[in-house]
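Undergrad: Predicted model, plus sequence, below.
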Protein chains: 2
Amino acid sequence: MYSERSADERKPDARRLESRRPLDERKLAVLRAIVQDYVGTEEPVGSKALVERHSLGVSPATVRNDMAALEEDGYIHQPHTSAGRIPTDKGYRLFVDRLAEVKPMSAPERRAIRHFLDGAVDLDDVVARTVRLLAQLTRQVAVVQYPSLSRSTVRHIELVALAPAKVMLVLITNTGRVEQRLVDCPGAVGENVLADLRSRLNAGAVGRPLPEVPGALEELPAAFEPSDRPTVSVVLATLFETLAEQNEERIMLAGTANLTRFGHDFPLTIQPVLEALEEQVVLLRLLGETADAGMTVRIGHENEYEGLNSTSIVSVGYGSGDQSVAKLGVIGPTRMDYPGTMGAVRAVARYVGQILAES
Amino acid sequence: MYSERSADERKPDARRLESRRPLDERKLAVLRAIVQDYVGTEEPVGSKALVERHSLGVSPATVRNDMAALEEDGYIHQPHTSAGRIPTDKGYRLFVDRLAEVKPMSAPERRAIRHFLDGAVDLDDVVARTVRLLAQLTRQVAVVQYPSLSRSTVRHIELVALAPAKVMLVLITNTGRVEQRLVDCPGAVGENVLADLRSRLNAGAVGRPLPEVPGALEELPAAFEPSDRPTVSVVLATLFETLAEQNEERIMLAGTANLTRFGHDFPLTIQPVLEALEEQVVLLRLLGETADAGMTVRIGHENEYEGLNSTSIVSVGYGSGDQSVAKLGVIGPTRMDYPGTMGAVRAVARYVGQILAES
DNA sequence: TCTGGCACTCTGCCTTCCAGAGTGCCAAGA
DNA sequence: TCTTGGCACTCTGGAAGGCAGAGTGCCAGA
């Protein structure tokens, strides 16, 4: 799995991927050329076409020899005798690990990103804009996870009496996320009790990371009159439940129409992908496997989920400060423009982080 | 456009759709049979197959004559000489208006719907469950609009001081919808002012339909000290803005994977549909065209949006009381099982309404 | 008004054929 | 030992042709 590290760190990993004999420079150049051409044309690429389009400085016959070696090592593959070659998952892997440079966004692109995201009015809007932007930039399916509760801290807790025995609990996090729950209390709740509870809740929880909140508020019921304790307990229970509901994490999606540019054997590939995209659980797990730092690229069969076996996923964490609070990424065919996609994903993640930090 | 009305009311409408000579009973039966068979097989249906599968009591030759008449009137159409017939949009229209009975859900189905929706914990969950249920029942793309702000009433308005000059405004509606906005105040806001404002806001707004709220609160700043008025005005402005933002209406979608069962000429049909589905605006307009009472069916070219010209949309309003607060529906190929789809849509809308009314 | 019969016309599918692209291998050259 | 030109071979994709099957339109008779 690709992670952004320095070249020195990276090498031992990459070497493990190769088989017995190391690939010489030219073979790597051939592989790179094959990947680039195949991504461009979607057609198996032959030796003659290769030397024409790339200045490899050798003849087609030589390239053929290299190709044979690459094929034997499993980096490329021939759909049938006397057809050109297409990269295998392993070939893409090597390409991403050693042959590709993440392509930085151009200055105008960066300006456009900034500009587009700056217009957002609230968290929902930030996420919505981000996902659309990413889909547009990469022309693929984009996925953005809402800043997760588990990494954020409490900004405020509010209690609102809606009816004598009904209280609405509102939790606001530093990432701008708002969660609300209706609480059915065992009996009528006095406004003074509510006010007291409100201020104690905030005193104990504000500024804390969500997972720590239950510990900090454990002793709270003891501070109240015995007659009020059931109410306090119910409210607390609801609060803890809300905090714990990490699986309630939301995800936003855009660019599914880009799936139509997927491949030739269309319905077969696209249906499982669409199904996967509808399963929040699958998407969350997918994003969850993203490394905490650096970009993650999962290629074809490296993917656990079967329906996504012919897709690649480029994902990265983003956050308001230095640590990531959520992930985002794109899903596209294994035959994708990795450098460009990775560049776009990284740039978008960076800017979203900035926007979140500012607000 | 189909609307559910009594048979008597319906007739004049239907008659207008027919051409000069009225279609006799048998021709209608033939059309009905054609629609049913075509929906089942997806293949043009011929005269011989028709008499075999349906007990029309006449010979293929007779059916052929009827078909010729139906074709002349534009209800069916021949892809090419010596092929079977397929219904036109006009044919489906007639079928829906006069030949189809909305198919009621079976008792087990109704129980399943109820059961599935009953488990919902909050509004988000209700909508999410509804849309998935609808997609599953109809095996098509389901669309559910969140209960709209414009029809609901204020249940509570809450103000929360987050920082000296930052206030969070939370609006809770009777449909369970919660909207929040961050307000930047011109200066620090005292807690007593905030409390005063809070209670006055609620006194003036609670129970009112959202559109009436601005009128009811117009005079509010006058009740405060001149020094506090700028703050009050800003909060009010933000509140009104929130109320006015009807275009912020949200929509939830499910079942896009069902598009893969769409037709043969796949990528061509599916891409514009996927694009349309990503445009909230398009979807909202689509649902917006739903009649306020009764079900609406829009078939093929009756649809404004070009990308949906080969799809039909079955939509209906749903609501917590007797009046509808939002719409839901499904989008599928014009060649869809109208009676079944309409039955499912109606049933789901009814149960969602009940759930909303209970909560 | 309905029906059986008949000639006619399409499509869809299968087969055949052919050019084009690409390969693997070999022997010669650097 | 690596590179290269040459050559025979293979496979796909598209075009062309042929054919069975399904379906129609029309006509004359009941």
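TA: Perfect, thanks for sending it.
Undergrad: Tell me the bridge partners for residue A:161.
TA: residue A:167 (DSSP bridges).
Undergrad: Make sure it is actually in contact with residue A:191.
TA: Yes. Applying C-beta atoms under 8 Å as the test, residue A:161 and residue A:191 come out as touching, 6.6 Å apart. Quick note: C-beta positions are derived from backbone N, CA and C, even for glycine.
Undergrad: Of these two, which one has the most company?
TA: Taking other C-beta atoms under 10 Å in any protein chain shown, residue A:161 and residue A:191 do not tie; residue A:161 has more neighbours (17 against 8).
Undergrad: residues touching that one, list them.
TA: Counting by C-beta atoms under 8 Å, 6 or more residues apart in numbering or on different chains, residue A:161 touches A:167, A:189, A:191, A:194.
Undergrad: Point out where the stretch 251-359 of chain A drops to low pLDDT.
TA: By pLDDT under 70, the low-scoring segments of the stretch 251-359 of chain A are A:263-268, A:321, A:359.
Undergrad: Where do the helices of it begin and end?
TA: A:266-278, A:280-288, A:338-358 (DSSP state H, counting those that start in this stretch).
Undergrad: List the buried residues of the first one.
TA: Meaning helix A:266-278. Residues of helix A:266-278 classed as buried by neighbour count (16 or more other C-beta atoms under 10 Å in any protein chain shown): A:269, A:270, A:271, A:272, A:273, A:274, A:275, A:276, A:277, A:278.
Undergrad: Please name the residues that touch residue A:221.
TA: Counting by C-beta under 8 Å, 6+ apart, residue A:221 touches A:229, A:232, A:233, A:236.
Undergrad: just the buried members of these?
TA: Buried among these by 16+ other C-beta under 10 Å: A:229, A:232, A:236.
Undergrad: can you name the two of the buried residues of helix A:266-278 that are farthest apart?
TA: The span of the buried residues of helix A:266-278, defined through C-beta to C-beta, is set by A:269 and A:278 at 15.9 Å.
Undergrad: Just give me the neighbour total for residue A:34.
TA: Residue A:34, neighbours per other C-beta under 10 Å, totals 29.
Undergrad: typo on my end, it should be residue A:178
TA: Residue A:178: 19 neighbours (other C-beta under 10 Å).
Undergrad: contacting residues around it?
TA: Residue A:178 neighbours (C-beta under 8 Å, 6+ apart): A:123, A:170, A:171, A:172, B:170, B:178, B:180.
Undergrad: Spell out the secondary structure type for residue A:155.
TA: Following DSSP: H, G, I helix; E, B strand; the rest coil, the label given to residue A:155 is strand.
Undergrad: Show me which residues of the stretch 101-250 of chain A are close to chain B?
TA: With C-beta under 8 Å from any C-beta of the partner chain as the criterion, the stretch 101-250 of chain A meets chain B at residues A:122, A:155-156, A:158, A:160, A:162, A:168, A:170, A:172, A:178, A:180-182.
Undergrad: Mark which of the contacts of residue A:178 are part of helices, please.
TA: residue A:123 (DSSP state H).
Undergrad: Give me the ChimeraX select line for the contacts of residue A:178, limited to the buried ones.
TA: In ChimeraX, this line selects whichever of the contacts of residue A:178 come out buried by 16+ other C-beta under 10 Å:
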select /A:123,170,171,172 /B:170,178,180
